[in-house]
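Chemist: What follows is a predicted protein model with its sequence.
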Amino acid sequence: MTILRSEIVEQHIDRATGRSGRFVKEVVLVRGEVPLSMVRKRSASGRSDRATVLLVHGYGQNRYAWHLPSRSFVNHLAHAGFDVFNLDLRGQGRSRHFGAPRPSVLAEYIEEDLPRAFEEVRRLAGRDDMFLVGHSLGGLVSYAAAPFASQFLRGLVTIGSPFHFTQGSTILRFFAQIVATLDRAGIQIGNTSLPLRMLGRSMSALRGYLESPLYPFKLRGWHAGAIEPDVLAEHLKYAFDIASIPVMLTMFRWSSGAFGGSAASKADGLSYAERFERCTMPLLVIAGTGDDLAPPDSVEPAYLVSRSPDKSYRELPLGHIDLLVGRDAPKTTWRMVERWIGERAARTRAAELPAERRSLTGLSGQEDMP
């Protein structure tokens, strides 16, 4: 049995504006050697036919990055008529509770977790019109995995995903140099982890100092003043999870060269970077000008190297966390992603209709986002 629990829930979309809705919520277990968990969310009104959307969280996070009690991007998309699947990668959130160990290498996310999630989403939804949305590391693994699924993926959206990790950040480049020094010295670090949830509690308590001029480091997960204290506290409490040290080291190693490193596939000899560059599926890349962890200089290269004929790059005045759940996220990031996916989902439906029906329904000739 794949669906462990199904219920109708009344939940907030954005408590600040009083928006809420009724949703069909299903807890999904993707069985296999490594169990994975997803939460499927649809509008209880029965309107969930625009497209399917798979959400992939970032490093050391879990599904709550997209869904807080007070502000939920998941609920926004479900209310807008999408069939939304919110994934916990191995070792994170409910996947860990089901017995999934933390990853030993980053490639396990790319080559095992996402392909299995793709298969399960297609099976449950019964359709091939999936859009993939990744935040931070979730966007990086999506860049690498999406080209293998181009036959059914209709578009890729990344939010605050540093294609050239550490670019634009002096502090992160310093850490990358430390990792390179350790590698040259032959110092091995085992499959250890960091309890980010404990760090999140500390950051919540020290918020005032972290946002003050006295804080000396430009390395913060949010842009000062862009997210309400109670919403940030929720994110630090629920979304911060366990962080894999090997995964973090791999990200720093990638920063010294091409995205994904230099390893080539035995099937076609292409690296992750080469395969992504050649992928022509629609692409939307969103960066935050207040993002210390993924500055625009590190995010924009994905847009620049992509050969997709339908690609867009946008910058918003937000930080890493507030791109998803900040005060302005519902009217900026959320609306931008919803509109972008909605337009391309409509084009897909139009392309599948006979020419006579396309002209009658008005689905031909959709306008691109401004």
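Modeler: That came through, no problem. Since this is a predicted model, take the numbers as computed values, not measurements.
Chemist: Strands along the chain, start to end?
Modeler: Taking DSSP state E to define them, one finds strands in the chain at 3-14, 19-30, 36-43, 52-56, 83-88, 130-135, 153-159, 193-195, 242-244, 283-288, 311-316.
Chemist: Which residues does the first one contact?
Modeler: Among residues not part of strand 3-14, those counted as contacts by C-beta atoms under 8 Å, 6 or more residues apart in numbering are 19-29, 40, 44, 69-72, 75-76, 79, 124, 330. Where you see a C-beta, it was placed from the backbone N, CA and C, and this is true even at glycine.
Chemist: Tell me where this structure is predicted with low confidence.
Modeler: Across the chain, the ranges flagged by pLDDT under 70 are 1, 264-267, 353-370.
Chemist: related to what we said a few turns ago, make a markdown table from the strands of the chain and add mean neighbour count and distance to G168 to it.
Modeler: Converted to a markdown table, the strands of the chain look like this (neighbours: other C-beta atoms under 10 Å; distance: least, C-beta to C-beta, whole Å):
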| stretch | mean neighbour count | distance to G168 |
| --- | --- | --- |
| strand 3-14 | 14 | 30 |
| strand 19-30 | 18 | 35 |
| strand 36-43 | 24 | 33 |
| strand 52-56 | 27 | 23 |
| strand 83-88 | 27 | 28 |
| strand 130-135 | 26 | 18 |
| strand 153-159 | 25 | 16 |
| strand 193-195 | 15 | 23 |
| strand 242-244 | 21 | 22 |
| strand 283-288 | 26 | 10 |
| strand 311-316 | 18 | 12 |
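Chemist: and the residue found closest to Y143 once you drop the neighbours it is linked to in the chain, how many neighbours does it have?
Modeler: Nearest non-adjacent residue to Y143, counting by C-beta to C-beta, 6 or more residues apart in numbering: F276, 4.9 Å away. For F276, the neighbour count with other C-beta atoms under 10 Å is 26.
Chemist: which ones are touching F276?
Modeler: Per C-beta under 8 Å, 6+ apart, neighbours of F276: 143-144, 146-147, 259-260, 302, 305-306.
Chemist: Now do the buried residues in stretch 179-186.
Modeler: V179 (16 or more other C-beta atoms under 10 Å).
Chemist: Same question for stretch 168-177.
Modeler: For stretch 168-177, by 16+ other C-beta under 10 Å, it's 168-169, 172, 176.
Chemist: from the residues you listed, which is closest to D292?
Modeler: S169 (6.7 Å; C-beta to C-beta).
Chemist: my guess is that closest one contacts P296, does it?
Modeler: No: with contact defined as C-beta atoms under 8 Å, S169 does not count as touching P296 (10.9 Å).
Chemist: can you put the contacts of F276 in TSV and add distance to I189?
Modeler: Converted to TSV, the contacts of F276 look like this (distance: C-beta to C-beta, whole Å):
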residue	distance to I189
Y143	25
A144	23
A146	30
P147	30
F259	22
G260	21
A302	28
V305	31
S306	33
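Chemist: Just among those residues, which is most surrounded?
Modeler: Result: Y143 is most packed of the contacts of F276 (other C-beta under 10 Å), 28 neighbours.
Chemist: what's that one in contact with, if anything?
Modeler: 134, 156, 158, 161, 163, 259-260, 272, 276, 302.
Chemist: same check, this time on L106
Modeler: With C-beta under 8 Å, 6+ apart, L106 has these contacts: 141, 246-247, 250-251.
Chemist: now do 7 Å
Modeler: 247, 250 (C-beta atoms under 7 Å, 6 or more residues apart in numbering).
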